[in-house]
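K.L.:
Build the 3D model from these lines:
(chains A and B)
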Amino acid sequence: MLKLNVEHLDAIQRHAAADYPAECCGVLLGNHAGEVKRVTEVSPLANLRHDAARAQEIVPLENPERESELNRFLIDPREQLRVEKDARARGLTVLGYYHSHPDHPARPSEYDREHAWPWYSYVIVAVEKGRPRDSRSWVLSEDRSGFQLEQLEVADVLSHAQVGRAGQRSQGQ
Amino acid sequence: MAVKVMIPTPLRQYAGKQESIQVEGHTVGEALSGLIARYSDLRRHLYNDEGKIRSFVNVYLNDEDIRYLSKEQTPVKENDVLSIVPSIAGGAPSSGAASGSILRCICS
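P.N.:
All right, here's what the predicted structure looks like:
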């Protein structure tokens, strides 16, 4: 289960809308106990596909004519190293990453599956015509054959009565 | 040379749940081989079938990507830190028309 506050989900959805029609990406930091991951921070990261030449050195695209920052994201490993070090120094763990699917559902693609790692939570935000729609969290299955939907619990730190309104709220922005 | 290898969270389950592991070696390749010798389950996550480091795996010696040093032949010094950084990549399906209709089904 992935627990986050409504502010975290708002931040992810705002980032996804702001970067539309490109894909956005960012990191989920927090702590975990058993199967429960609790997000305490979300941090936007640059989509390295914006810098096509450098991205190609890290994870080459098979078909650069059809693949770009509009349908692909890549996080700069240097940034990851920086984020990992900073998190560790503050007693936090990298719990997973988020990215957007512009004009596609919040479901992992085959490309997502091929590039996924076990254990991490992969939060995907569907953005339709610039507006964030549903957000879902996925975890790669042990045998890498597919993703399992992960329970996403969104809590409002101010009022628990507002739990679950995050999606509606962001769409109004 | 004793070097410390930092293990990212997805791979800790294959490395005795440890955040870092001390290994011996004179080069990056030797240090990683030492790691695999102790935790054989890590092999398939770090190496491809040809025995090369998988392209989705980034290895940093202190703050430098070994791609831009001498790759696995890069020499290591006592107390160096090797960080395994998993590439995080993904994206929407590239087939436009079919996926668009799926989106409409979900959102309508």
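K.L.:
What separation do you get for residue B:75 and chain A?
P.N.:
Between residue B:75 and chain A the computed distance is 20 Å (Cβ to the nearest Cβ, to the nearest Å). Yep, even glycine has a C-beta here, placed from its N, CA and C like the rest.
K.L.:
Based on its surroundings, how many neighbours for that residue?
P.N.:
Residue B:75: 14 surrounding residues under other Cβ atoms under 10 Å in any protein chain shown.
K.L.:
In the sheet, which residues pair with it? Tell me.
P.N.:
According to DSSP bridges, the partner residues bridging residue B:75 are residue B:27.
K.L.:
Contacts only, for the closest residue to residue A:11 other than its chain neighbours.
P.N.:
The shortest distance from residue A:11 to any non-neighbouring residue, by Cβ to Cβ, 6 or more residues apart in numbering or on different chains, is to residue A:42 (5.2 Å). Counting by Cβ atoms under 8 Å, 6 or more residues apart in numbering or on different chains, residue A:42 makes contact with A:4, A:8, A:11-12, A:26-29, A:98.
K.L.:
how about 6 Å then?
P.N.:
Residues in contact with residue A:42 (Cβ atoms under 6 Å, 6 or more residues apart in numbering or on different chains) are A:8, A:11-12, A:26, A:28.
K.L.:
in stretch A:31-48, what counts as buried?
P.N.:
A:32, A:37-40, A:42, A:44-48 (16 or more other Cβ atoms under 10 Å in any protein chain shown).
K.L.:
Looking at those, point me to the pair that's furthest apart.
P.N.:
A:38 and A:48 (28.0 Å; Cβ to Cβ).
K.L.:
so what's the most centrally placed residue in chain B bridging to?
P.N.:
Centroid check for chain B by Cα atoms, centre = their mean gives residue B:57 as the closest residue, at 3.4 Å. Applying DSSP bridges to residue B:57 gives these bridge partners: residue B:86.
K.L.:
what's the answer for residue B:22, then?
P.N.:
residue B:4.
K.L.:
Quickly note the distance from it to residue A:56.
P.N.:
Distance from residue B:22 to residue A:56, counting by Cβ to Cβ, to the nearest Å: 35 Å.
K.L.:
And residue A:133, by the same measure?
P.N.:
Separation of residue A:133 from residue A:56 (Cβ to Cβ) stands at 31 Å.
K.L.:
Those two: which is more packed in?
P.N.:
Neighbours were counted for residue A:133 and for residue A:56 using other Cβ under 10 Å; residue A:133 has more, 21 against 14.
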